[in-house]
Structures are given as structure tokens and as C-alpha cells.
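*Asks:* Let's see this in three dimensions:
(one chain, ligands or ions: 1)
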Amino acid sequence: MTDTPDTNSAPPPTADAAELQELLPGIHAWVQPDGTWWVNNAGAVAGDDGVLVIDTCATAARTRRFLDAVDTATGGAPVRLAVNTHQHGDHTYGNSLLPSTTVIVGHSRMREGLQADPIIDGCPPLWNPVPDWGPVARRLPDISAGSALTLHVAGRRIELLHPGRPAHTTGDLIAWLPEERVLFSGDLVFAGLTPLVFMGSVDGALAAVDWLESLQPDVVVPGHGPVLTGTGITRVLDEHRRYYRLILDTAQDGLSRGLTPLQAARQVDLGEFTGWADAERIVLNLHRVYADHAGRDLDVIAAFGNAIAWLGRPMHTSV
Ligand SMILES: [Zn+2]
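*Replies:* Residues are numbered from 1 along each chain as shown. Next up is the predicted model:
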């Protein structure tokens, strides 16, 4: 493995670049540049009677920074509730840093996924540098949600909604504030970075774009990348549609020509998406289509091995 930095990219942003943005009074987005592998966004909805936190972060240090910022912004109001938008570690490993009294909500399949997740116990050298989560421990949701659950915090209504089928993962939830038209999308939206759907479904993720658009949000806090408003929302959702169709077309072509996912990925022209971070996800996403086409489980080890082969080195993270 090499420690040689990519000379074409800017120096990795420090964790200090993370910022709590107040979208509306009491509604906050925690935005962490650069949004690549393991560097997620989170959120908080706060009032006098307490705080709802939407997701935690991958490492103890990043989660502490997030919770400290929320504590300062809310005058120390207690974090009564938390929701995990899905099972991935960048959104859940920090759960154990929440107060013991915080009640955590997640989709039932998100809960199963985190329970079975081996990466929290030690990250394999698929990324460079290999992430160190710090003192985190697996902490599962106290409440399993199904298709929908409504929370009431600080006089605000927060609807937790499942897209109805696998999309980014099998257990996705969005947090939607219908009065304020603010959407915390989790990883159903990656703003300006390569979407990842290998643990969900490309067809499902494509359908979920229409579903998100039908809510007509004014503000979208994506799972990764900057907060979106106005035409920025339309632009990013349209990018997702085109990217997912590129995956489906590439997989169809590869299957018809007898190519492996890696061979198909090596031949595709990523076009407008070439400059997106984490481009190697094309390999992981193609593995998902191939697995679904064959009616079998995705081989995670093979998929990650192929992604690294495509890239020629371990994947980048700045977590
Ligand atoms: Zn994710």
C-alpha cells in the first residue's frame, strides 16, 4: 500500500472544516467537507424541550465535535431523540457518544445491518489511510421503525419515511419536516459526489429520486456534500437520474457481452461524472446490478476487491 497523495487533489480538509449551519430557527445541518468516504452530514432539530439528532458520525472525534456544536447552538438542551437514516458506519458508529438517555430510532433493517456490521470492530485496509474510529461501540436503535413514524420535537413534526423498497440500503429512512419543507435525505442524495447504492438497489434508488422530488422540499440536507436549495435540488436529483441510468445501461451492455462488472467498469466512459469524488463506486454499483440480475447476494469482498483494482490503489478517505 502506498502513502503517496494524489497530486491532482487538494490537501484533505481537516475535521475542523465541519460546520453547523442553521437552516431555520432550531433546524441545523452538520456539514462535513469533503464528503468523501466516511465523511458524512448529520442534523439536529432543537427547541426548549429538547433536541432530535439526525445521524452521528464515523469516528468518536467527529461525533464529539458535532454534538458539542449542537450543545452550544441549543444552549445545552438535552438530546432526547436520535434517528439513524441508514446502517452505514459514517452515520451510526458515533451513536455510543450520545447520552445514555437518548432514545435512538432506526428502520428495522438498519438495526439488523448495524448489528451484523464487522467494520466497526476494525476497518479493513480498503481505504488509505485506514480509518481509526476511536472509542466507539456498537449502539443499536431502541425503536425499530417500519414504513413511517412521526416524531414531535419542539413543536415541530418530523416524519421518518422509508422509500418502500431498497434504495441506498434496505433500511433507509428520510427525516422530512413538512411544515418547513426541509428534507434530511440521508444517503439517498450525494451532492456532487458519486452515489453509492451497492447495498441497496439501482432501480430502487432511481425510483427514490422521484419520491424525494414529489415531496417538493425547499431545502435538502444530503448525506454527503453541501446543503441544497432551489434549482440546486433539481440539478442534483437530475444528476442522480442520469448516473443511475448510466449504471443500468453499462450493466445491461456488460451482461449482454459477457463482461464481468470490473471489465464493464473499465470500458465505460463516466462522462460528466468523471470528476466526481469516489468514482470507483461505479464498480460497486455495477456489482449490485449483476447480483440482482443473477438473483444472488452481492459478494462484498469481491466487489471491494474489484473497486480497488479499478482504482489501482486503496480508496481515499479523509475521515
Ligand atoms: Zn451510506
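
*Asks:* correct me, but L23 touches V219?
*Replies:* Yes: if you go by Cβ atoms under 8 Å, L23 and V219 touch, sitting 5.4 Å apart. All C-beta atoms are positioned from the backbone trio N, CA, C, and that covers glycine.

*Asks:* which neighbours do these two share?
*Replies:* 182, 227 (Cβ atoms under 8 Å, 6 or more residues apart in numbering).

*Asks:* Now do the contacts for the closest residue in space to S144 that isn't next to it in sequence.
*Replies:* Leaving aside its sequence neighbours, S144 sits nearest to S108 (Cβ to Cβ, 6 or more residues apart in numbering; 4.0 Å). Shown in contact with S108 (Cβ under 8 Å, 6+ apart): 144-146, 171.

*Asks:* Go again with 10 Å.
*Replies:* When contacts are counted by Cβ atoms under 10 Å, 6 or more residues apart in numbering, S108 touches 141, 143-146, 162, 170-171.

*Asks:* Over to D71?
*Replies:* 44, 46, 51, 77-79.

*Asks:* any weak-confidence spans in the stretch 1-150 of the chain?
*Replies:* 1-14 (pLDDT under 70).

*Asks:* so what's the residue of the chain most remote from its centre scoring on pLDDT?
*Replies:* Relative to the centre of the chain, and counting by Cα atoms, centre = their mean, the farthest-placed residue is R257 at 32.5 Å. At R257, the predicted lDDT confidence score is 98.

*Asks:* and it, how far is that from the ion?
*Replies:* 31 Å (Cβ to the ion, to the nearest Å).

*Asks:* For that residue, give me phi and psi.
*Replies:* The phi/psi pair for R257 (degrees, to the nearest 10) reads phi -100, psi 10.

*Asks:* what are the phi and psi angles of the residue in the stretch 201-319 of the chain positioned nearest to the ion?
*Replies:* Nearest residue of the stretch 201-319 of the chain to the ion: G223, at 5.9 Å (Cβ to the ion). G223 adopts backbone torsions of phi -70, psi -30, taken as degrees, to the nearest 10.

*Asks:* which is the next helix or strand following the host helix or strand of A307?
*Replies:* Under the criterion of DSSP states H and E, A307 resides in helix 300-311. Downstream of helix 300-311, the next assigned helix or strand under DSSP H and E is strand 315-316.

*Asks:* contacting residues around that next one?
*Replies:* Under Cβ under 10 Å, 6+ apart, the answer for strand 315-316 is 5-6, 9, 12, 34, 36-38, 126-129, 277-278, 280-281, 284, 304, 307-308.

*Asks:* Now narrow these to whatever sits close to the ion.
*Replies:* By Cβ under 5 Å from the ion, no member of these lies near the ion.

*Asks:* Among those, name the ones in strands.
*Replies:* Taking DSSP state E, the ones among the contacts of strand 315-316 that sit in strands are 127-128.

*Asks:* still on that earlier bit, quick check: the two most widely separated of the contacts of S108?
*Replies:* With Cβ to Cβ as the measure, no two of these lie farther apart than I143 and T170, at 17.9 Å.

*Asks:* more crowded one of the two?
*Replies:* T170 (20 against 15; other Cβ atoms under 10 Å).

*Asks:* do you know how far the more buried one is from L149?
*Replies:* Distance from T170 to L149, counting by Cβ to Cβ, to the nearest Å: 17 Å.

*Asks:* looking at it, L52 is touching R157, isn't it?
*Replies:* No: applying Cβ atoms under 10 Å as the test, L52 and R157 come out as separate, 11.2 Å apart.

*Asks:* Would you format the contacts of S108 as CSV with distance to the ion included?
*Replies:* As requested, those are exported to CSV (distance: Cβ to the ion, whole Å):
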residue, distance to the ion
P141, 16
I143, 20
S144, 19
A145, 17
G146, 20
H162, 15
T170, 12
G171, 11
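
*Asks:* Report whether the expected contact of I143 with V83 is present.
*Replies:* Yes: here I143 reaches V83: they are 9.2 Å apart, a contact under Cβ under 10 Å.

*Asks:* tell me which element the residue in the stretch 151-300 of the chain that the ion sits nearest to falls in.
*Replies:* Nearest to the ion, among the residues of the stretch 151-300 of the chain, is D187, at 3.6 Å (Cβ to the ion). For D187, the element it lies in under DSSP H and E is strand 182-190.

*Asks:* packing partners for the helix or strand following that strand?
*Replies:* Where DSSP H and E defines the elements, the next helix or strand beyond strand 182-190 is helix 202-214. Contacts defined by 3 or more Cβ pairs under 10 Å, 6 or more residues apart in numbering; DSSP states H and E place helix 202-214 against strand 174-177, strand 182-190, helix 231-256, helix 281-294.

*Asks:* Which residues belonging to stretch 112-126 are considered buried?
*Replies:* For stretch 112-126, burial by neighbour count (16 or more other Cβ atoms under 10 Å) applies to 112-114, 120, 123, 126.
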